[in-house]
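Peer 1: Quick one: sequence and predicted model below, then my questions.
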Amino acid sequence: MDRTGDRASYDGRELTDGTMEGLLPHEFHVHDAGSASWLVRRVVEAREYAKRVRDWAEREQRRAGQEEEFLLFRYGKQLEYWAAGEIERQRGKRRSIGLPGGTVGFRKVGALLVIEDEAAVLAWARRHLVEAVVVTEKVSKSTLNEHLKETGELPPVGIRITEPFDRFYIK
C-alpha cells in the first residue's frame, strides 16, 4: 500500500482516504500472525458481505419486477388512457409527459408482419421465396418483410399486416 497525499493505492487501485476511514486502526501494518490474521478475517468478511449484497440485490430485483408487473396489470391501462388524454389536451407535437416520477408517452411502431398461419406461409415461401424458409422450417419474418418492401408480394393466405400504432412506454 502506497500512501501519497490524500490518496492511497493498493495493487494499482486507488482509494480515497474516506473509503477506509474508521475501519482500520491508525497506522495499521502487518507485522505478525495476529495482524495478518486480522487482515485476512476482514478480507473474508468483505467478500461475504459482497455476496450478501449481491443476493439481496437479486431478491430486490425480483421483487421490483413483480411489483412492476402487478402495477402495470392493475393500473397500466388507466395510466395509458390518462397520458393519451393529457397529450391530446395539450394539442402539441409532444408525445410524452415528463412527471416527477418519470416519463410516460407513446412511440411510433411501424407496421408489423403477423404470421397467422405458419404452415400456409411456409408452403407459399417454399414455392416463391425459398430463402425465407429456414432450416427449422420456420418462416423468416425479416426476409418476408424485405420481400414485401421490394415487391409488394405476400402469400394469399396465412398472413396479415397491422397498421402502424403508438406503443405506450414508461421511462
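Peer 2: Everything's here; your move. Numbering: from 1, shown residues only.

Peer 1: The longest helix belonging to the chain: how far from the chain's middle?
Peer 2: Among the segments of the chain that qualify as a helix by DSSP state H, the longest is helix 33-90. Between the centre of helix 33-90 and the centre of its chain there are 13 Å (CA atoms, centre = their mean, to the nearest Å).

Peer 1: Show me what the helix or strand that comes right after it packs onto, helices and strands only.
Peer 2: Moving toward the C-terminus from helix 33-90, the first helix or strand encountered (DSSP states H and E) is strand 96-99. Strand 96-99 makes packing contacts with helix 33-90, strand 102-109 when contacts are defined by 3 or more CB pairs under 8 Å, 6 or more residues apart in numbering; DSSP states H and E. For the C-beta atoms, the positions are set from N, CA and C on the backbone; glycine is no exception.

Peer 1: Give me the angle between the shortest one and helix 33-90.
Peer 2: Compare the direction of strand 102-109 with that of helix 33-90 by axes from the mean of the first three to the mean of the last three CA atoms, to 10 degrees and you get 60 degrees.

Peer 1: Touching the helix or strand following strand 102-109 from outside, list them.
Peer 2: Downstream of strand 102-109, the first helix or strand assigned by DSSP H and E is strand 113-115. Residues from elsewhere that reach strand 113-115 (CB atoms under 8 Å, 6 or more residues apart in numbering): Val121, Val139, Lys141, Leu144, Asn145, Leu148, Gly158, Ile159, Arg160, Ile161, Thr162.

Peer 1: for strand 113-115, which positions count as buried?
Peer 2: Burial within strand 113-115, assessed by neighbour count using 16 or more other CB atoms under 10 Å, is assigned to Leu113, Ile115.

Peer 1: Could I get the average pLDDT for that strand?
Peer 2: Here the mean pLDDT over strand 113-115 is 95, rounded to a whole number.

Peer 1: which phi and psi does Pro164 have?
Peer 2: Geometry field for Pro164 lists phi and psi as phi -60, psi 150, criterion degrees, to the nearest 10.

Peer 1: which pair in the contacts of strand 113-115 spans the largest distance?
Peer 2: In the contacts of strand 113-115, the most distant members under the criterion CB to CB are Val139 and Thr162, with 16.7 Å between them.
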